[in-house]
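# What would the 3D arrangement of this be:
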Amino acid sequence: MSSIEIFVKVKEKIEELKIVEKVLYSAIEKEHLENISFNLIIVDNEYIHNLNKNYRNIDKETDVITFALEDEESIIVPTKERILGDIYISIDKAKNQAKEYNHSLLRELSFLAVHGFYHLLGYDHLTKEEETIMFTKQEEVLEENEIFR
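So this is what the prediction gives:
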C-alpha cells in the first residue's frame, strides 16, 4: 500500500489539501505504482527561498521544489517500500499564481503537487520532448480528477 504524508508548516488551514491528496493517489494509480511513499510539505516563501538558495544556488523563492531520493545513488533505504522523497510547495506562490492564472487555489496546488510527483519519478522538462511527456501526464491526472483551469 502506498502512503503520502502531508505536513503543513504554515499557520493557516488549507482545506484544498484533502482533494490534492486524492489527486496524488490517482496519479500513483495511473502510473501503476505500489508500495511507494513520499511527503508533501506546504511552506511559505521564506522557507522555500532558503531551500532553493541552499540546494539549487538560486537566490529566490520558487513554487515547488522536490528532493528525489532515487536521484541520489548514495542513499540506500533497506525496505520493501519505495521511498520517493519530498515535494515542497510554497503556499504563498501557489496563491499568487492561482490569481495570476485566474484559476482556483485547488487547481494550482493540484498542479504543483502532481508536477512534483512526476519529478520524484524522474521526469523533467529540460527539453521540449521531456516537457511534452511530463506535462501530458500531469494534465491527464488533473483532467481525470476534474481539476480544470
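# Next one: the residue nearest to D63 when sequence neighbours are not counted from I42, what distance?
Leaving aside its sequence neighbours, D63 sits nearest to K93 (C-beta to C-beta, 6 or more residues apart in numbering; 4.1 Å). C-beta: built from backbone N, CA, C; applies to glycine. Per C-beta to C-beta, to the nearest Å, K93 is found 11 Å from I42.
# More neighbours: which of these two?
Neighbour totals were compared for K93 and I42, and I42 leads with 24 against 21 (other C-beta atoms under 10 Å).
# ok, and what's touching the host helix or strand of that one?
Element membership of I42 [criterion: DSSP states H and E] is strand 36-43. Applying C-beta atoms under 8 Å, 6 or more residues apart in numbering, the external contacts of strand 36-43 come out as 2-10, 14, 17, 20-21, 24, 28, 51, 81-91, 113, 116-117, 120.
# Please list the members of these that lie in strands.
If you go by DSSP state E, the contacts of strand 36-43 have 3-8, 82-90 in strands.
# contacting residues for D63?
Residues near D63 by C-beta under 8 Å, 6+ apart: I48, I89, S90, K93, A94, Q97, L112.
# Now do the contacts for S110.
So S110 contacts E16, I19, V20, V23, L142, N145, I147 (C-beta under 8 Å, 6+ apart).
# If you rank those by neighbours, which is first?
If you count neighbours using other C-beta under 10 Å, the busiest of the contacts of S110 is V20, which has 26 neighbours.
# Can you name the residues that contact that residue?
Taking C-beta under 8 Å, 6+ apart, we find V20 in contact with L40, L106, L109, S110, A113.
# buried set for stretch 88-104?
Residues of stretch 88-104 classed as buried: Y88, I89, S90, I91, D92, K93, A94, Q97, A98 (neighbour count, 16 or more other C-beta atoms under 10 Å).
# Straight-line length of it, end to end?
In stretch 88-104, first residue to last residue: 19 Å (C-alpha to C-alpha, to the nearest Å).
# Just the pLDDT for the residue nearest to D63.
pLDDT for K93: 98.
# Same question for the one 10 residues further on.
Note for H103: predicted pLDDT of 96.
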